[in-house]
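K.L.:
Give me a model of this one.
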Amino acid sequence: MNKAELVDAVAAKTGQTKAATAVLLDGFIEAVTESLVKSESVQLIGFGTFEVTERAAREGRNPATGAALRIAAKKVVKFKPGKALTEAIAGE
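P.N.:
Just a heads-up that it's a prediction; the model follows:
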């Protein structure tokens, strides 16, 4: 599902216009992004938690040449699904 399909689905479920739903979705994405940039987690009870974690620097290999290379440390976003989402996916 891409963003346009998500907007269509949410608009159909809520009875709102696609334009209003798109503005709401953009606002949600912006708010989550701003929180993650500040290294704050975003917890949506029943759905899941988005959080920023540090990935340590490590050694890697160039697959074409086999030469060793250094992969720098960086911040990454992780998502941990909530209990309700996990159960819904499992069909419980």
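
K.L.:
When you work out contacts or count neighbours from here on, use the C-alpha atoms and nothing else.
P.N.:
OK.

K.L.:
mind checking how far the longest helix along the chain is from the chain centre?
P.N.:
Counting by DSSP state H, the longest helix found in the chain is helix 18-37. With CA atoms, centre = their mean, to the nearest Å as the basis, helix 18-37 stands 12 Å off its chain's centre.

K.L.:
After it, which helix or strand is next? Please name it.
P.N.:
On the C-terminal side of helix 18-37, the nearest following helix or strand under DSSP states H and E is strand 42-44.

K.L.:
List the neighbouring strands of that following strand plus their orientation.
P.N.:
Using DSSP bridges, strand 42-44 pairs in its sheet with strand 48-55 (antiparallel).

K.L.:
Pull out the buried positions in the strand it pairs with.
P.N.:
Residues of strand 48-55 classed as buried by neighbour count (16 or more other CA atoms under 10 Å): 48, 50-52.

K.L.:
Need the contact partners of that strand.
P.N.:
Outside strand 48-55, the residues within contact range by CA atoms under 8 Å, 6 or more residues apart in numbering are 36, 39-43, 73-83, 85.

K.L.:
And these, which of them are buried?
P.N.:
36, 41-43, 81.

K.L.:
what would those residues look like in TSV with pLDDT and distance to residue 23?
P.N.:
Shown next, in TSV, are these (pLDDT from 0 to 100; distance: CA to CA, whole Å):
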residue	pLDDT	distance to residue 23
36	97	20
41	96	23
42	97	20
43	96	21
81	96	25
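
K.L.:
which two in the residues you listed are spaced the farthest apart?
P.N.:
Greatest spatial distance among the buried ones among the contacts of strand 48-55 (CA to CA): 36 and 81, at 16.6 Å.

K.L.:
Can you give me the pLDDT of the residue sitting furthest away from the middle of the chain?
P.N.:
The outermost residue of the chain relative to its centre, with distances by CA atoms, centre = their mean, is residue 65 at 33.4 Å. pLDDT recorded at residue 65 is 93.
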